[in-house]
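Undergrad: Here is my input, please return the structure:
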Amino acid sequence: MFQVPLDYSNQLKGTIPLFVRVVSLETVTPGTTRNTCSKVVCYLQGGPGMESPRPDSSTHFLRPLLDYFDTIVLLEQRGTGLSFPIHWQVLETYSSDVKEQAKFLACFRADSIVRDAEYCRKLLYGDSTWSILGQSFGGFCAVTYLSLFPHSLHSCYITAGLPPIFPGFQGIAVYQALFQRLIQQNEKYYLHFPKDIPLVRNIVQYLDQHAPVKLSSGSILTPRGLQTLGHRTLGFSGGFGSLHCLLEKAFTQDHKGNSILSEYFLATVDHLFSTWETNPLYAVLHESIYWNGNNSGQDEENEDDDHPIWAAEQVIRSLPCFDAMHCLQYTQKPIYFTGEMIFPFMFEQFACLRPYAKVVDQLARKKNWSSLYNKEQLQNNQIATAAAIFYNDVYVDYHKSIETAKQIAHCSIWVTNEYLHGALREDTKRVVGMLQKLLFHRSSCLEL
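TA: The predicted model follows:
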């Protein structure tokens, strides 16, 4: 457990605790300096706002990593797990002013996470370099690491996590691309389970006719909330089946023989909504990960004069195929599920997110974000880098990833449609093995 600065720019004072766990096949003495730490890898977790994995039976992917590395450093990203976890009560204790809360939360982005990692590297290994492995948002952090501290790295591995690195806000373009991926994935889902087309339409109709449908937690289930069930299902292996098995239990009958939503269905959906309570940073900071510096010309003092951006909301409004009520009333088409996107209605309808509504609105107005990527540095990168890009990934777009890979010197890529977003956990040995081969041969590999 370390104490690190809350704000590395020193605009906000104070420190926060940072937890790091070291998993190793050998005895590790903190502070021991090695000539090289090529066999030490710092794992950067996906998210944002997700804690580092624990070395237990649920994280079986850690064991195969030890076939390639002697030591795995599990950095608990700030604001999660044991590293000063963010909760609405923490924000209220920090300040009652929503603007001050927003400034506070701006200290929990990728640039601060990378500076935390660098702080730990120096304390654990001195001047020795180490490798980094970034999954999803952890890959975004890895590219920030390449931008800020390249001389601290021996090599860089990225899976499903090459970010858009161009200046300013990339959220609109990113979601325009990802919604097209989601359309394709929804079409595949309904090809697998065609009877779910009328079933989902019936659920939406029921929710509309019986509004508001209240859940035990205090959340409200609406057609838009129902559509968010695609978040944890459409983009992962086995997700189609789990979504179908939930939907097939949606209806039961009352004593009069009328169809009603089952307690099983309502309780399961309520549980899925409530998972945001333990990882609120994912929802609160999600769109901010697509800000790379400020190219808007706005001063922070004038940001209140602007409307909140809410990129995913802007894009979905231009896509009638995601408008559940439109599809129900005017077409016979399937009603599509959404993915990882965060929408403003969630902070009204999901009970665990309501306390964050004001600060999230403030963050959506913010324009003067810190820079996360140095394009010139990346174009002159000398660190051996290998990235796995999954063609059908609905969370990190293939085309955007290719654009970024072209901007990073010495970056070899492996493109495949064999896997979805969670490939690192599902087939750790092969995925890491392929990346190591790329680093050794310094070539690109396409598997379709």
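Undergrad: Looks to me like Ile86 is in a helix.
TA: No. Looking at Ile86 with DSSP: H, G, I helix; E, B strand; the rest coil, it is coil, so not inside a helix.
Undergrad: Can we start the residue count at 2 from this point?
TA: In the new count, where the first residue is 2, that last one comes out as Ile87.
Undergrad: and the gap between it and Ser289?
TA: In this view, Ile87 and Ser289 are 13 Å apart by C-beta to C-beta, to the nearest Å. Heads up, the C-betas are built off the backbone N, CA and C, glycines and all.
Undergrad: And for Ala103?
TA: From Ala103 over to Ser289 the distance is 10 Å, taken as C-beta to C-beta.
Undergrad: intersection of neighbour lists for those two?
TA: Both Ala103 and Ser289 are contacted by 364, 367, under the criterion C-beta atoms under 8 Å, 6 or more residues apart in numbering.
Undergrad: which residue sits closest to Gly135 in space, ignoring its chain neighbours?
TA: In space, and not counting its chain neighbours, Gly135 is closest to Ala143: 3.3 Å by C-beta to C-beta, 6 or more residues apart in numbering.
Undergrad: Which strand or helix spans the one you found?
TA: Secondary structure from DSSP states H and E places Ala143 in helix 138-149.
Undergrad: where's the helix or strand following that helix relative to the chain centroid, distance-wise?
TA: Using DSSP H and E, the helix or strand that directly follows helix 138-149 along the chain is strand 154-160. Between the centre of strand 154-160 and the centre of its chain there are 19 Å (C-alpha atoms, centre = their mean, to the nearest Å).
Undergrad: name the helices or strands packed onto strand 154-160?
TA: Where contact means 3 or more C-beta pairs under 8 Å, 6 or more residues apart in numbering; DSSP states H and E, strand 154-160 is packed against strand 38-45, strand 131-136, helix 138-149, strand 385-391, helix 429-442.
Undergrad: Adjacent strands (with direction) for the second one?
TA: So that's strand 131-136. strand 38-45 (parallel), strand 154-160 (parallel) (DSSP bridges).
Undergrad: Make JSON lines from those strands and add distance to Phe338 and mean pLDDT to it.
TA: Putting these into JSON lines (distance: least, C-beta to C-beta, whole Å; pLDDT from 0 to 100) gives the following:
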{"stretch": "strand 38-45", "distance to Phe338": "28", "mean pLDDT": "86"}
{"stretch": "strand 154-160", "distance to Phe338": "24", "mean pLDDT": "97"}
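Undergrad: show me what contacts Gln102?
TA: Gln102 makes contact with 92, 95-96, 360, 363, according to C-beta under 8 Å, 6+ apart.
Undergrad: Please name the residues that touch the spatially closest residue to His88 that is not a sequence neighbour.
TA: In this structure, His88 finds its nearest non-sequential neighbour in Pro281, 6.8 Å apart by C-beta to C-beta, 6+ apart. Residues near Pro281 by C-beta under 8 Å, 6+ apart: 50, 87-89, 353-354, 357.
Undergrad: and if you look at Ile159?
TA: Residues in contact with Ile159 (C-beta under 8 Å, 6+ apart) are 134-135, 140, 143-144, 386-389.
Undergrad: farthest-separated two in these?
TA: With distances taken as C-beta to C-beta, the most widely separated pair in those is Val144 and Ala389, at 13.9 Å.
Undergrad: Just want to know which of those two has more residues nearby.
TA: Neighbours around Val144 and Ala389, counted as other C-beta atoms under 10 Å, are more numerous at Val144. The numbers are 30 against 27.
Undergrad: Verify the stated contact: the more buried one with Leu154.
TA: No. Counting by C-beta atoms under 8 Å, Val144 does not reach Leu154; the two are 11.5 Å apart.
Undergrad: hang on, isn't Tyr120 packed against Phe3?
TA: Yes. The pair Tyr120 and Phe3 qualifies as a contact (C-beta under 8 Å) at a distance of 6.8 Å.
Undergrad: which residues do these two both contact?
TA: The contact sets of Tyr120 and Phe3 overlap at Leu19 (C-beta under 8 Å, 6+ apart).
Undergrad: Flag the shaky bits of the stretch 52-201 of the chain, pLDDT-wise.
TA: By pLDDT under 70, the weakly predicted segments of the stretch 52-201 of the chain are 58-60.
Undergrad: all strands of it, in order?
TA: Using DSSP state E, counting those that start in this stretch, the strands of the stretch 52-201 of the chain run over 72-76, 131-136, 154-160, 169-170.
Undergrad: Make CSV out of the ones you listed and add distance to Pro65.
TA: Below are these laid out as CSV (distance: least, C-beta to C-beta, whole Å):
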stretch, distance to Pro65
strand 72-76, 11
strand 131-136, 12
strand 154-160, 13
strand 169-170, 37
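Undergrad: closest to Val21 out of those strands?
TA: Closest to Val21 of the strands of the stretch 52-201 of the chain, according to C-beta to C-beta: strand 72-76, at 5.6 Å.
Undergrad: Give me the sheet partners of the closest one and which way each runs.
TA: Sheet partners assigned to strand 72-76 using DSSP bridges are listed as strand 21-25 (antiparallel), strand 38-45 (parallel).
Undergrad: Quick one: distance of that strand to the chain centre.
TA: Centroid displacement of strand 72-76 relative to its chain, using C-alpha atoms, centre = their mean, is 20 Å.
Undergrad: quick one, it and helix 138-149 angle?
TA: 100 degrees (axes from the mean of the first three to the mean of the last three C-alpha atoms, to 10 degrees).
Undergrad: pretty sure the residue nearest to Gly135 is in contact with Leu45, am I right?
TA: Yes. Between Ala143 and Leu45 there is a contact at 5.8 Å, judged by C-beta under 8 Å.
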